[in-house]
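>>> Show me the folded form of this:
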Amino acid sequence: MENFYEKALIISPHSDDEIFTFPFLYSKENKFGSIDLLLIERDSKRYQESLKSAKMNSFNLIEMPKKVNFKGLSFYKNFNYLVKYFKKLWKEYDLILAPLIEGGHQDHDSTCAALFLSKEEKKYDTKVVLYSTYRGFKYLPWIYTCGISSKYNPISIFRVTPKKSLYYFFFKTIFVCYKSQLKTWLLLFPALLKSYLIMDFNKFVSGDNLTFKDIVSKSPKLPLYQIYRGLTKKQWEKSLIYIENK
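The predicted structure follows:
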């Protein structure tokens, strides 16, 4: 069955996150009228790289308003602003692609939590698809892994069939557009290869029936940003001030 989305949005917490959506975008099941790429991070150098990616992959690049400088740990500190901003997006799109909560980067987790909280007050017909980036192993949390955590209900997980063009755009975008991130992608390569071999690479999570509480509960006990950035899970959860009212 082929799906057609008139207007789709990729939410990319920082430059190059959109690459993880490519198996869905370049799949046999899905076609698009137009695709907007919302870049939340504010970094002038990486913004230029995102412009190249947008041009190569036919995205319309959208930059966040300059009221808040989203960089580093500012994502979780400005959680309320993200919620208010996302509330305006739902009626504009029939599909939103956003990162899963995985405990890899707090900006991914904060973005995902804010998106779902922004949907709580009103119910929209917009389809939500969540893409996986990376996280830590359960028993070796300081080591990277890719793919969808077993915490997510198998009923919500679905697989797409990639077109051959996926691999062309995947590698070309990495090596041509995001040269500053090559080290990161090389470090991720073993985890990505494993994900590809076990067919996790082309899996996504449907967020249509997930709630804010559902999505926050998927955060691991020891997230990677607690190890590498010193931001504890408890500190991150405190930033979700609405959680006490739900």
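
>>> if you skip the residues just before and after it, what's nearest to residue 64?
Among residues not flanking residue 64 along the chain, residue 40 sits closest, at 5.3 Å (Cβ to Cβ, 6 or more residues apart in numbering). Backbone N, C-alpha and C define where each C-beta goes, glycine included.

>>> Quickly list what residue 8 is bridged to.
Residues in a beta bridge with residue 8, per DSSP bridges, are residue 35, residue 95.

>>> who touches it in this structure?
Counting by Cβ atoms under 8 Å, 6 or more residues apart in numbering, residue 8 touches 32, 33, 34, 35, 36, 93, 94, 95, 96, 97.

>>> So which of those wins on neighbours?
The most crowded member of those, judged by other Cβ atoms under 10 Å, is residue 97 (27 neighbours).

>>> Can you classify that one by secondary structure?
Using DSSP: H, G, I helix; E, B strand; the rest coil, the structure places residue 97 in strand.

>>> circling back to that earlier point, of the contacts of residue 8, just say which sits nearest to residue 154.
residue 97 (20.2 Å; Cβ to Cβ).

>>> Is it correct that the closest one is in contact with residue 12?
No - applying Cβ atoms under 8 Å, one finds residue 97 not in contact with residue 12, separated by 9.0 Å.

>>> Please, where are all the strands along the chain?
3-12, 30-39, 60-63, 95-99, 127-131, 135-136, 144-145, 157-159, 203-206 (DSSP state E).

>>> Contact partners for residue 201?
Per Cβ under 8 Å, 6+ apart, neighbours of residue 201: 23, 146, 147, 192, 195.

>>> can you redo the residues you listed as TSV with neighbour count, distance to residue 205 and pLDDT?
Below are the contacts of residue 201 laid out as TSV (neighbours: other Cβ atoms under 10 Å; distance: Cβ to Cβ, whole Å; pLDDT from 0 to 100):
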residue	neighbour count	distance to residue 205	pLDDT
23	22	13	97
146	23	14	92
147	19	11	90
192	20	18	91
195	20	14	91
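
>>> can you put those in JSON lines and add distance to residue 155?
Listed next are the contacts of residue 201 as JSON lines, based on distance: Cβ to Cβ, whole Å:
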{"residue": "23", "distance to residue 155": "20"}
{"residue": "146", "distance to residue 155": "21"}
{"residue": "147", "distance to residue 155": "17"}
{"residue": "192", "distance to residue 155": "25"}
{"residue": "195", "distance to residue 155": "21"}
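
>>> In helices, which of those residues fall?
23, 192, 195 (DSSP state H).

>>> could you dump these to a markdown table with distance to residue 170?
Shown next, in a markdown table, are those (distance: Cβ to Cβ, whole Å):
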| residue | distance to residue 170 |
| --- | --- |
| 23 | 8 |
| 192 | 10 |
| 195 | 13 |
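
>>> Pick out whichever of those sits closest to residue 176.
Among the ones in helices among the contacts of residue 201, and counting by Cβ to Cβ, the member closest to residue 176 is residue 192, at 17.9 Å.

>>> Would you check how far apart the closest residue to that closest one other than its chain neighbours and residue 87 are?
Once flanking residues are discounted, residue 192 sits nearest to residue 146: 5.4 Å by Cβ to Cβ, 6+ apart. Distance of residue 146 to residue 87, given as Cβ to Cβ, to the nearest Å: 31 Å.

>>> Extract the C-alpha set from stretch 231-245 and format it as PDB.
C-alpha atoms of stretch 231-245 as PDB (Å, rounded to 0.1, in the frame of the first residue of the first chain):
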ATOM      1  CA  LEU A 231      22.900  16.100  32.900                       C
ATOM      2  CA  THR A 232      21.100  13.500  35.100                       C
ATOM      3  CA  LYS A 233      17.800  11.900  34.200                       C
ATOM      4  CA  LYS A 234      16.300  13.500  37.300                       C
ATOM      5  CA  GLN A 235      17.400  16.900  36.200                       C
ATOM      6  CA  TRP A 236      16.000  16.300  32.800                       C
ATOM      7  CA  GLU A 237      12.600  15.100  34.100                       C
ATOM      8  CA  LYS A 238      12.400  18.300  36.300                       C
ATOM      9  CA  SER A 239      12.500  20.400  33.100                       C
ATOM     10  CA  LEU A 240       9.200  18.700  32.100                       C
ATOM     11  CA  ILE A 241       7.200  20.900  34.500                       C
ATOM     12  CA  TYR A 242       3.900  19.800  33.100                       C
ATOM     13  CA  ILE A 243       4.500  16.200  34.100                       C
ATOM     14  CA  GLU A 244       3.100  16.800  37.600                       C
ATOM     15  CA  ASN A 245      -0.200  18.000  36.200                       C
END
